[in-house]
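*Asks:* Here's a sequence, model it:
(one chain, ligands or ions: 3)
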Amino acid sequence: MSKSSATELFPNTSTVVKVAVPVPLARSFDYACESAPACGVRVKVPFGNRSLVGFSLGEASESKSDYQLKPLTAVLDETPLLPQPVWELLQWAADYYHHPLGEVLNHGLPVLLRQGEAASYKTTEGFRVTAAGAEIELNSLRQAPQQQRLLAALRNGPLLRRDITAQEFSASALKALQDKGLIEGFQHAPQTNADWSFAIGSEPLQLNPEQALAVAAIGAASKPQTYLLEGVTGSGKTEVYLQAMADVLRKGKQVLVLVPEIGLTPQTLRRFQKRFAVPIVMLHSALTDRERLDAWLDAKNGGAAIVIGTRSAIFTPFKRLGMIIVDEEHDGSLKQQEGFRYHARDLAVVRGQKEQVSVILGSATPSLESINNVAQKRYAHLQLTQRAGGAKLARQTVVDIKQLPLKAGLSQPLIEQMRKELERGQQVLVFLNRRGYAPALLCHECGWLAQCRRCDAYYTVHQRQQMLQCHHCGDQQRLPRQCFDCGSTQLVGRGTGTEQLEQSLAELFPDYPVLRIDRDSTRRKGSLAKLLTDATENKYPILVGTQMIAKGHHFPHVTLVALLDVDGALYSSDFRAAERLGQLITQVAGRAGRASAPGTVVLQTHHPEHDLLQDLIHNGYAAFARSLLRERQLTQLPPFTQMALFRTEANDAEQAQLALQAIAAQLPQHPDVIVLGPMPAVMERRAGRYRFQLLVQCQQRGLRQQVLQHTLAKLEQIPELRRVRWSLDVDPQDFS
Ligand code: ADP
Ligand code: ZN
Ligand code: ZN
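*Replies:* Ligands and ions are numbered 1, 2, ... in the order given. As a prediction, this is how the structure comes out:
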């Protein structure tokens, strides 16, 4: 620290630089320096008693000489780190989502770059034999057996220092050989994928007319566009992506592909890898920080032809970006729900416009937002209405379970139907979106329910582990033997989870092995891929799963899909519940009948006459979604109004509420602005904190932008906000 105080005393640091620092404050900070680093260069700065990595925003125009500025600690890059389009995208996002720029910029980077690491591949030290070392008699080293063995090993080829250590050669043997001039060190740079040329790995499929039309439309477009590729499940959307990409790759340009969850789509990924003999980078969660940085550099330097990743991959820099594909564009995982809350699909569209590249949004069940953008002519529409390869869409049926006895959630008609399929050698998939044994523990004598100590929620019973688990805060307890209220030992699980369903199915169908796929059964690394393969290959005639199995995976032998409980969503308070239910049913149904045998879908419900279900079953998702969209217009809900949601959380309910009242008081009065709340969140208490919400609804996007800007500018001065955790969610997707 003596160095920095010296510069403060003798300021040759006459220039002031503005820095975006990763802290939750919506402004930049000034630092002193000799000459301001260019805008976009990373710098290290003292902040409070910490040292942080921020971005230079260039020289400050007005200097504030009324107080002593601290100097920069270090300048980390020679030139701006991010290419201009990504820099602009992040600025745009900070503005649109009203999130502090420093945090947004930080979020866009791989961890090592956030920590100040150089933006370069890491070279590692390697060793090889010299001419002398190649000639010398190995026997002459017999007095030093370690050296003798190491020299012999290196004669077979150079080794990295870490591999030498791994083979348990001592550092002294290495040094001795080096001192004798028998070996020498060198700097080894890893494969950087610096160059590639387009090559096909396997031949493309012969397109059907609808696919051909889609690929041709994308290829023939005179200028970049956003497309909604709306194709029923199994219609061959992936083949359209592949052939549209081929045109782009052939010109030497790169392609970014966003997928919901990498582990859930191994089949699709393998198709990309098989089709193109070009470097493909996958950004998945098992990468080390170093591997992630190398992948980032490959994209930035142009070495990666294709980058496939989940939502945060939208910030990857490219040297020659040519196209962006967002697969399953309706999927909730594209929205970041914590911290910097952005929607990767929406940013993909913005990025496409900024970089002048086409964006393909694909789904069998598009979001109402995207359908509306087609109606407004903002996106071009490409449709695939038929399944590729001749398979038929599954027939959808409803079983009215009112007054029917259920065994682990299964009705007798369903059990009979399953038996028929199984006896014909077919595969059956049972969908239940609740993991664990039972969603609650009930005292049969007094009615007591085991409630989480920290949440407004019941514990889930996990029988195998003999545990109660809260799926909202993670709290765990041993399964009690007695009721906490009356002491009775008559404790029973209420309702059915996948663990119980698996057990009951094994009892009902002892001759047919059951495979369960949910977060509990796939906890070990790599086990998900194995279970998915086993399921695909029909090693298990009965599959049980949660929404994990609803995402894009194909089970060719499945001819019967059953959804046990869809009623919850029919009467939900969330205005998106119907849309999500339609997507879920359609996606799960789409797993059936991929091969030649036609499939059947069975929906169990207490409300077979419900308009939504009827509409979906008889008219299909496309028509269903368009009638939902008309309803949204009548009720003035998104995408016809623009929402923003303030949330607060505190140990004390009143403080959480007061903070929102203080925010509400700052909101300008305007006839086109509706403010709802403060109101408690659907789950008022979670993990011991009380949660409240304030909803702001504006007629136009521009108006919302102004309202939020005006309001946020005043919030730093509001004392009530200092006592709570608060956040702002622009275009909120989730109100739970
Ligand atoms: P989606 O992504 O629309 O659900 P896929 O792209 O996975 O559908 O295609 C479903 C199946 O149809 C895949 O097995 C794929 O190989 C096959 N398929 C796609 N296009 C064709 C085609 N033109 N001819 C024959 N089979 C095709
Ligand atoms: Zn009791
Ligand atoms: Zn809890």
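
*Asks:* Tally up the residues packed near the closest residue to ligand 2 within the stretch 501-650 of the chain, please.
*Replies:* Here the stretch 501-650 of the chain gets closest to ligand 2 at one residue, Gln503, 24.8 Å apart by CB to the ion. The C-beta positions use only the backbone N, C-alpha and C, and glycine is treated the same way. The local packing of Gln503 (other CB atoms under 10 Å) involves 17 other residues.

*Asks:* CA-only coordinates of stretch 624-632, as CSV, when you get a sec.
*Replies:* Extracted as CSV, the C-alpha positions of stretch 624-632 are listed here (Å, rounded to 0.1, in the frame of the first residue of the first chain):
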residue,chain,number,x,y,z
PHE,A,624,-54.5,-22.9,-28.6
ALA,A,625,-51.7,-20.4,-28.2
ARG,A,626,-53.3,-18.0,-30.6
SER,A,627,-56.5,-18.0,-28.7
LEU,A,628,-54.6,-17.4,-25.5
LEU,A,629,-52.9,-14.5,-27.2
ARG,A,630,-56.3,-12.9,-28.0
GLU,A,631,-57.3,-13.3,-24.4
ARG,A,632,-54.1,-11.5,-23.3
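
*Asks:* Counting neighbours, which bits of that stretch end up buried?
*Replies:* 624-625, 628-629, 632 (16 or more other CB atoms under 10 Å).

*Asks:* got any ranges where the protein has weak pLDDT?
*Replies:* 1-13, 62-67, 166, 190-194, 525-526, 593-597 (pLDDT under 70).

*Asks:* next SSE after the lengthiest helix in it?
*Replies:* Longest helix of the chain, by residue count under DSSP state H: helix 611-634. Next helix or strand after helix 611-634 toward the C-terminus (DSSP states H and E): strand 642-650.

*Asks:* Show me what that following strand is packed up against.
*Replies:* Helices and strands touching strand 642-650, by 3 or more CB pairs under 8 Å, 6 or more residues apart in numbering; DSSP states H and E, are helix 653-666, strand 689-698, helix 701-715, strand 725-730.

*Asks:* Now render those as JSON lines, adding distance to Ser172.
*Replies:* Formatted as JSON lines, those follow (distance: least, CB to CB, whole Å):
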{"stretch": "helix 653-666", "distance to Ser172": "64"}
{"stretch": "strand 689-698", "distance to Ser172": "57"}
{"stretch": "helix 701-715", "distance to Ser172": "62"}
{"stretch": "strand 725-730", "distance to Ser172": "55"}
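
*Asks:* quick one, which of those is packed in tightest?
*Replies:* Compared across those, strand 689-698 shows the largest average neighbour count, a mean of 21 (mean count of other CB atoms under 10 Å).

*Asks:* Just checking: what are the partner strands of that one?
*Replies:* Counting by DSSP bridges, the strands paired with strand 689-698 are strand 642-650 (antiparallel), strand 673-686 (antiparallel).

*Asks:* burial measure for Gly201, as a count.
*Replies:* For Gly201, the neighbour count with other CB under 10 Å is 11.

*Asks:* which residue does the stretch 1-150 of the chain bring closest to ligand 3?
*Replies:* Counting by CB to the ion, the stretch 1-150 of the chain gets nearest ligand 3 through Pro24, at 25.7 Å.
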